[in-house]
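Undergrad: no FASTA, just this:
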């Protein structure tokens, strides 16, 4: 295809991200962030990362919206309108320069789906070929997450559990 | 057939753009909520079409189901917020 579908999705992402910053009302900003997560999940699904798309859809679009609304419900004063000063001249100059620098660095990366890129030559074939003998799990992602990196995953679970308890303590109703 | 699904995806993207205009521009909060709901239904359909496009519908059906459920939770949260807090 000459014209990629990704371009439309990335444009929509940019528009929603800019809108979430520009909009005057915190509630509308939360809604726009929800649609941002929808588009991000579509981008992940289009590039083939279905698991990441699922997590983005559930956490980004669902949970984050509900948590933001809870925060607004607990904290927002009567007037939620934002007043924000115009960006200074240094910001206007430095940030486009950083963007140009990042684009320049990105031009050196290997192409999308390139079979000879370092990421797909170095250790990936080893995992793909030997994970079944090592862990007897059909899904390679699961075997990497739960077997090769099991300690890492366990500590991550502890962190998420602790933050969940902290949120529950902060958000419970008093009396 | 691939070209057909590609054009379906394209027109869904344009439709999402129309809803997005309402979300960005909408004068009241209800316009924004309705626009977000429209965007999410279009996103669910385009997820399934992406699945057909890549011949992996079975995985994409799972995501789109989770998406629909979570979107219902989000809409309920917005409704609850507006009920208890009143209109901004």
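TA: The structure has been received and is ready for your questions. Since this is a predicted model, take the numbers as computed values, not measurements.

Undergrad: From the contact counts, what lies against whichever helix or strand residue B:47 is part of?
TA: Per DSSP states H and E, residue B:47 falls inside helix B:29-53. Here helix B:29-53 touches helix A:26-47, helix B:2-25, helix B:57-85, going by 3 or more Cβ pairs under 8 Å, 6 or more residues apart in numbering or on different chains; DSSP states H and E. Every residue, glycine included, has its C-beta placed from N, CA and C.

Undergrad: from the chain's centre, how far out does it sit?
TA: Relative to its chain's centre, helix B:29-53 lies at 2 Å (Cα atoms, centre = their mean, to the nearest Å).

Undergrad: Redo the helices and strands packed on helix B:29-53 as CSV? Include mean pLDDT and distance to residue A:132.
TA: Formatted as CSV, the helices and strands packed on helix B:29-53 follow (pLDDT from 0 to 100; distance: least, Cβ to Cβ, whole Å):
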stretch, mean pLDDT, distance to residue A:132
helix A:26-47, 86, 25
helix B:2-25, 86, 32
helix B:57-85, 83, 20
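
Undergrad: Just say which of those is most tucked in.
TA: Comparing the helices and strands packed on helix B:29-53 by mean neighbour count (mean count of other Cβ atoms under 10 Å in any protein chain shown), helix A:26-47 ranks first with a mean of 23.

Undergrad: Next, format the helices and strands packed on helix B:29-53 as JSON lines and append distance to residue A:149.
TA: Shown next, in JSON lines, are the helices and strands packed on helix B:29-53 (distance: least, Cβ to Cβ, whole Å):
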{"stretch": "helix A:26-47", "distance to residue A:149": "21"}
{"stretch": "helix B:2-25", "distance to residue A:149": "35"}
{"stretch": "helix B:57-85", "distance to residue A:149": "23"}
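
Undergrad: and residue A:7, which of those is closest to it?
TA: helix B:2-25 (9.4 Å; Cβ to Cβ).

Undergrad: For residue B:62, see how far away residue B:46 is.
TA: Taking Cβ to Cβ, to the nearest Å as the measure, residue B:46 and residue B:62 are separated by 16 Å.

Undergrad: Tell me which residue in chain B sits closest to chain A.
TA: residue B:70 (3.2 Å; Cβ to the nearest Cβ).

Undergrad: For the spatially closest residue to that residue that is not a sequence neighbour, list the residues it contacts.
TA: Distances taken as Cβ to Cβ, 6 or more residues apart in numbering or on different chains put residue A:62 closest to residue B:70, at 3.2 Å, once the chain neighbours are dropped. Going by Cβ atoms under 8 Å, 6 or more residues apart in numbering or on different chains, residue A:62 touches B:70-71, B:73-74.

Undergrad: Next: residue B:12.
TA: B:42, B:45-46, B:49.

Undergrad: can you pick the most crowded of these?
TA: Each of these was scored for neighbours by other Cβ atoms under 10 Å in any protein chain shown, and residue B:46 scores highest at 27 neighbours.
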